[in-house]
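>>> fold the stuff below for me.
(one chain, ligands or ions: 2)
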Amino acid sequence: MNPTPHSPTYLIDIQELVKAYDLLPVLRKLTLQVTHGEFVALLGPNGSGKSTLLRILCGLSRATAGSIRVGGWKLPDEIAAVRAQIGLVSHKSLLYDNLSAYENLRFFAQLYNLPNADARIAELLAQVGLQKRTHALVRTFSRGMLQRLSIARALLHNPDILLLDEPYTGLDQDASAILDSLLKAAHDEGRTIIMTTHDLNRAAILPTRIVILSRGVIGYDQPAGVSAVELASLYTEITSMVTT
Ligand code: ADP
Ligand code: MG
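Ligands and ions are numbered 1, 2, ... in the order given. Okay, the predicted model is just below:
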């Protein structure tokens, strides 16, 4: 994992983040700090800016204003050091249909200049339960298998932080249960996780902290521990509050 320039109190430190598209603000002075080892469920209605926040964190999109540090490194100036610490699993799988699982991971390993790539690839394919599909073409994979390969890709460079954007979307019960165990393992290994989801049941299981985005800021931020039923009513309350 990447050496940090100093020992920051927060692994992720976002201060007064503003993001506007064509002058239309999506995030309005959002402040959020995440410490090492947390598993944050990031909730909020469609269009509330969850994906935008994840994209900014990994340097795929630029903030309009505000300060962002990851492991002490500053965005956008130290983007390479920030990216080295983050693995992203987004809606787009970023995988190539006509390459095998192995070839896909090999391609990304080359992008990262990863030493001992073959050993790391084998280790990750075993970890996500795809070792028997090592040489199968990705276009033959189910949605669940694609998602597992995406996680393997995101973990290739052994990042401290895993960002997942609605990872349960399109997965059946079995695939969701496998994803649960993979995320639990990633968290147990000491990785810090931020996961957006619409599934309040899932948000109530693994995450250690619940954050709800509402009207461009954090409308709710508490340790996990509330039941899925309580969370559902909290969520409705927070996201339907009228600002005056
Ligand atoms: P969420 O993930 O919570 O559903 P998004 O972050 O995808 O929300 O989007 C937040 C808002 O920003 C939406 O209104 C969306 O239309 C807008 N938006 C997202 N990306 C762009 C973009 N590249 N250009 C213009 N508007 C965008
Ligand atoms: Mg989204």
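>>> the residue most central in space within the chain: what secondary structure?
With the centre of the chain defined as its mean C-alpha position, the nearest residue by C-alpha atoms, centre = their mean is residue 163, 1.2 Å away. On the three-state scheme (DSSP: H, G, I helix; E, B strand; the rest coil), residue 163 is labelled strand.
>>> look up how far residue 173 lies from it.
24 Å (C-beta to C-beta, to the nearest Å). Just so you know, the C-beta spots here come from the backbone N, C-alpha and C atoms, and that holds for glycine as well.
>>> what do you get for residue 125?
On the measure of C-beta to C-beta, residue 125 and residue 173 end up 23 Å apart.
>>> same drill for the two, tell me which one is more crowded.
When neighbours are counted by other C-beta atoms under 10 Å, residue 125 and residue 173 differ, and residue 125 comes out ahead with 20 against 7.
>>> next SSE after the helix or strand where that one lies?
Here residue 125, judged by DSSP states H and E, is contained in helix 117-127. Downstream of helix 117-127, the next assigned helix or strand under DSSP H and E is helix 143-155.
>>> which residues are contacting that following helix?
Contact with helix 143-155 is made by 87-89, 93-95, 101, 104-105, 108, 121, 124-125, 127-130, 133, 138, 141, 162, 167, 170-172, 174-175, 178-179, 182, 186, as judged by C-beta atoms under 8 Å, 6 or more residues apart in numbering.
>>> now do stretch 206-214
With C-beta under 8 Å, 6+ apart, stretch 206-214 has contacts from 30, 32, 34, 38-45, 48-50, 53, 180, 183-184, 187, 193, 195, 203, 218-224, 226, 231, 234-235, 238-239, 241.
>>> residues of this protein that sit close to ligand 2?
50, 51 (C-beta under 5 Å from the ion).
>>> helices of the chain, start to end?
Listed in chain order, the helices of the chain (DSSP state H) span 50-57, 79-83, 101-111, 117-127, 143-155, 173-188, 200-203, 228-240.
>>> mind listing what's buried along the shortest one?
Translated: helix 200-203. For helix 200-203, a neighbour-count test (16 or more other C-beta atoms under 10 Å) marks 200, 202, 203 as buried.
>>> and that helix, what does it pack onto?
strand 39-43, helix 228-240 (3 or more C-beta pairs under 8 Å, 6 or more residues apart in numbering; DSSP states H and E).
>>> dump the C-alpha coordinates for stretch 69-84 into PDB.
What follows is stretch 69-84, C-alpha atoms only, in PDB (Å, rounded to 0.1, in the frame of the first residue of the first chain):
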ATOM      1  CA  ARG A  69      -7.400  14.600   0.600                       C
ATOM      2  CA  VAL A  70      -7.000  10.900   0.400                       C
ATOM      3  CA  GLY A  71      -4.300   9.400   2.700                       C
ATOM      4  CA  GLY A  72      -3.000  12.900   3.000                       C
ATOM      5  CA  TRP A  73      -2.600  13.300  -0.700                       C
ATOM      6  CA  LYS A  74      -4.400  16.200  -2.300                       C
ATOM      7  CA  LEU A  75      -6.700  16.200  -5.300                       C
ATOM      8  CA  PRO A  76      -6.300  17.100  -8.100                       C
ATOM      9  CA  ASP A  77      -2.600  17.900  -7.700                       C
ATOM     10  CA  GLU A  78      -1.500  14.500  -6.400                       C
ATOM     11  CA  ILE A  79      -3.900  12.400  -8.500                       C
ATOM     12  CA  ALA A  80      -1.500   9.500  -9.100                       C
ATOM     13  CA  ALA A  81      -0.900   9.000  -5.400                       C
ATOM     14  CA  VAL A  82      -4.600   9.200  -4.800                       C
ATOM     15  CA  ARG A  83      -5.500   6.700  -7.500                       C
ATOM     16  CA  ALA A  84      -2.900   4.200  -6.200                       C
END
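>>> flag every buried residue along that stretch.
69, 70, 71, 72, 73, 75, 78, 79, 81, 82, 83, 84.
>>> just to check, the second one is in contact with residue 161?
Yes: in this structure, residue 70 is within contact of residue 161 by C-beta atoms under 8 Å, at 7.1 Å.
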